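*Asks:* Let me see the structure of the following:
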Amino acid sequence: QLQVAESGGALVQPGGSLRLSCAASGFSSDSYGIGWFRQVPGKGREGVGCINGRGSNQLYTNSVKGRFTISKDNAKDVFYLQMNNLEADDTAIYYCAASPFGSKWCRIVDHEYDHWGQGTQVTVSS
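*Replies:* Next comes the predicted model:
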């Protein structure tokens, strides 16, 4: 059974760093792209970035470019979202999701992702 599960959410001060993990199981991670999304209660879901199944191509939304980095550990089938220079506006529940269309190229389009994790809370506050 295909599953993805996030972990690593925490309370962090503005300007700090945090790394989220997304563990993939039940499928060949090379065949799926992984996307990171976030949502603030009462607001719509926002795409953060994505990485293709090969781990060779990433895309980011403009608000996180230069601060966030998505990577993949092929040996462990784990994907990471490294977040640096965090801002209060980054506070949200973060989700990872798997897309069967993202083997070679990924897109930050949530309807292309058909398996979602439960989410992990990131709070940026002093």
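
*Asks:* now the residue nearest the centre of the chain, which residues is it bridged with?
*Replies:* Centrality entry for the chain: nearest residue to the mean C-alpha point is Trp36, 2.5 Å, by Cα atoms, centre = their mean. Listed by DSSP bridges, the beta-bridge partners for Trp36 are Gly49, Cys96.

*Asks:* need the contact list for it.
*Replies:* The contact partners of Trp36, taken as Cβ atoms under 8 Å, 6 or more residues apart in numbering, are 20, 22, 47-50, 70, 81, 94-96. (Each C-beta comes from the backbone N, C-alpha and C, glycine too.)

*Asks:* can you do 10 Å?
*Replies:* Contact partners of Trp36, counting by Cβ atoms under 10 Å, 6 or more residues apart in numbering, are 6, 20, 22, 46-51, 60-61, 64, 68, 70, 79-81, 83, 94-97, 108, 117.

*Asks:* out of the residues you listed, which are buried?
*Replies:* 6, 20, 22, 46-51, 60-61, 64, 68, 70, 79-81, 83, 94-97, 108, 117 (16 or more other Cβ atoms under 10 Å).

*Asks:* Quick check: mean pLDDT of stretch 21-41?
*Replies:* Throughout stretch 21-41, pLDDT has a mean value of 91.

*Asks:* what does stretch 104-117 give?
*Replies:* On average, stretch 104-117 scores 93.

*Asks:* those helices in the chain, which residues are they?
*Replies:* Using DSSP state H, the chain contains no helices.

*Asks:* so where do the strands sit in it?
*Replies:* 3-7, 11-12, 18-25, 33-39, 46-51, 58-60, 68-73, 78-83, 92-99, 115-116, 120-124 (DSSP state E).

*Asks:* now the angle from the third one to strand 68-73?
*Replies:* Inter-element angle recorded for strand 18-25 and strand 68-73: 40 degrees (by axes from the mean of the first three to the mean of the last three Cα atoms, to 10 degrees).
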